[in-house]
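A.B. asks: need a structure here:
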Amino acid sequence: MAGTRWLLIETFGGGEPTVIGLGSVPRKFVPLTQIFRQRETLATIRGAVAATAEALAPVEVMSDGGRRRTLTAPLLITPERMHAVLVWSGPAEETVPPRDPVGAWYFNLSTSKSTRSDDLLDLYGVAPENRAREHSIAGVFARVITNSDESDALAKVVRSAPGTEHQAVWTVRRDDGALRAAHFSCRIIEETDAAGNSEVFMRGVTHDIGDATDVSAAPPPVILEHRVLDAAAAEGDFRAIVDLRTLRLLRWMGPAMPGIAWQSLAGEPEPAIHADDIETAKTMSRNLAHSRTSGRLRLRTLDGGWKSVRARAVLMALDQHTTAALVTVRDPDMPDVD
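C.D. replies: Numbers count the residues shown, from 1 in each chain. So this is what the prediction gives:
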């Protein structure tokens, strides 16, 4: 089977499982029928994937009179939900190669929360005492170095259209300081819970494909667009990309404003604009269709209080059809910088 390397097969939902990794080489949602031409081999792989999805546990299948074996390793986001499966098939006497680190995750696009599997936290090198499985979507961007497709990825988050897929190679900063090239694959799915409520999820996996310095597709530590923005920032300014529809933070461009609640970590207050300032924020959002806007807003702080900020916003295009706000906030008591 393709040089007996591990296959990474996604099972996000919404269709037939597809191949998104062959060894450490990314693949673009390739149907199993394009990888396996022999009917018997295809049936074996499909059967192993189906058995793993049913058991939600590793499966071993012997075939050809015990001469060949197929092994699987599921990638679970919860004990009840599988996002992908790693599959290896080869001669029974062959040494099984090591598996790349891979982890599952999802964005709840209805709540702007992200949930990570233990496998993903292993990939990130997170210590056991720091393992917060849930945080804000914006928190994802504090760990990754994005590539030139970042605006396209953000546009898909904003539109939240079921059926949308995305793949990219970004660089992950592990907690030990290592920079790893990571291949992301995801799909947006609308789901209905037991109570009949509909929510939209972006479900995916992250595949560590090697040292970032050895993978040409991995972005450099700082891309040009970010250098330009950093050079243009005035002292005391903190910039963020905000969803115009929900008024939720998509990501900080540069450091986050100190003391503001934005990560949605356990034990921290939920990010919020003061109820009395929501209308001001909505007015700023509407007026961006015509010009730059500004106003004073109170943002939730980490101690549960509120911080008044001056906010200036300009419209930014994420793609040809999707816009967001680039919002600059600063302490209202700080003098303006010319």
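A.B. asks: now do the helices in this structure.
C.D. replies: 32-35, 39-55, 118-124, 137-140, 150-159, 224-232, 278-287 (DSSP state H).
A.B. asks: any chance of those in JSON lines, with distance to residue 266, mean neighbour count and mean pLDDT too?
C.D. replies: Yep, even glycine has a C-beta here, placed from its N, CA and C like the rest. Formatted as JSON lines, the helices of the chain follow (distance: least, Cβ to Cβ, whole Å; neighbours: other Cβ atoms under 10 Å; pLDDT from 0 to 100):
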{"stretch": "helix 32-35", "distance to residue 266": "39", "mean neighbour count": "14", "mean pLDDT": "94"}
{"stretch": "helix 39-55", "distance to residue 266": "30", "mean neighbour count": "16", "mean pLDDT": "94"}
{"stretch": "helix 118-124", "distance to residue 266": "14", "mean neighbour count": "20", "mean pLDDT": "97"}
{"stretch": "helix 137-140", "distance to residue 266": "12", "mean neighbour count": "21", "mean pLDDT": "95"}
{"stretch": "helix 150-159", "distance to residue 266": "23", "mean neighbour count": "19", "mean pLDDT": "96"}
{"stretch": "helix 224-232", "distance to residue 266": "30", "mean neighbour count": "11", "mean pLDDT": "53"}
{"stretch": "helix 278-287", "distance to residue 266": "26", "mean neighbour count": "15", "mean pLDDT": "96"}
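A.B. asks: let me have those in TSV, adding distance to residue 300 as columns.
C.D. replies: As requested, the helices of the chain are exported to TSV (distance: least, Cβ to Cβ, whole Å):
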stretch	distance to residue 300
helix 32-35	47
helix 39-55	41
helix 118-124	26
helix 137-140	14
helix 150-159	22
helix 224-232	25
helix 278-287	12
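A.B. asks: so which of these gets nearest residue 294?
C.D. replies: Ranking the helices of the chain by distance to residue 294, with Cβ to Cβ as the measure, places helix 278-287 first at 7.3 Å.
A.B. asks: and the contacts of the closest one?
C.D. replies: Helix 278-287 has contacts (Cβ atoms under 8 Å, 6 or more residues apart in numbering) with 244, 247, 273, 293, 294, 295, 296, 297, 311, 313, 325.
A.B. asks: drop anything exposed from these.
C.D. replies: Buried residues within these, counting neighbours by 16 or more other Cβ atoms under 10 Å: 244, 247, 273, 293, 297, 311, 313, 325.
A.B. asks: out of the residues you listed, list just those in strands.
C.D. replies: Within the buried ones among the contacts of helix 278-287, residues falling in strands by DSSP state E are 293, 297, 311, 313, 325.
A.B. asks: was I right to think the second one contacts residue 272?
C.D. replies: No. Here residue 297 does not reach residue 272: they are 10.5 Å apart, not a contact under Cβ atoms under 8 Å.
A.B. asks: buried sites along stretch 313-323?
C.D. replies: Neighbour-count burial for stretch 313-323 flags 313, 315, 316, 318, 322, 323 (criterion: 16+ other Cβ under 10 Å).
A.B. asks: ok, now stretch 70-82?
C.D. replies: 70, 71, 72, 73, 74, 75, 76, 77, 81, 82.
A.B. asks: quick check, distance from it to the centre of its chain.
C.D. replies: A distance of 19 Å separates the centroid of the chain from that of stretch 70-82, by Cα atoms, centre = their mean, to the nearest Å.
A.B. asks: other residues contacting that stretch?
C.D. replies: 11, 44-45, 48-49, 51-53, 56-61, 63, 83-89, 96, 99, 102-106, 115, 117, 119, 203, 205.
A.B. asks: just the ones of those residues in strands?
C.D. replies: Per DSSP E, the contacts of stretch 70-82 map to strands at 60-61, 63, 83-89, 102-106, 115, 203, 205.
A.B. asks: now, of the residues you listed, which are buried?
C.D. replies: Here, 16+ other Cβ under 10 Å leaves 61, 63, 83-89, 102-106, 115, 203, 205 buried among the ones in strands among the contacts of stretch 70-82.
A.B. asks: give the residue farthest from the middle of this structure.
C.D. replies: Seen from the C-alpha centroid of the chain, the residue lying at the greatest distance (Cα atoms, centre = their mean) is residue 65, 42.9 Å away.
A.B. asks: nearest residue to the middle of this protein?
C.D. replies: residue 140 (6.3 Å).
A.B. asks: wait, it touches residue 114, no?
C.D. replies: Yes. Using Cβ under 8 Å, residue 140 is in contact with residue 114, at 5.6 Å.
A.B. asks: shared neighbours, these two?
C.D. replies: What both residue 140 and residue 114 touch, as defined by Cβ under 8 Å, 6+ apart, is the set residue 107.
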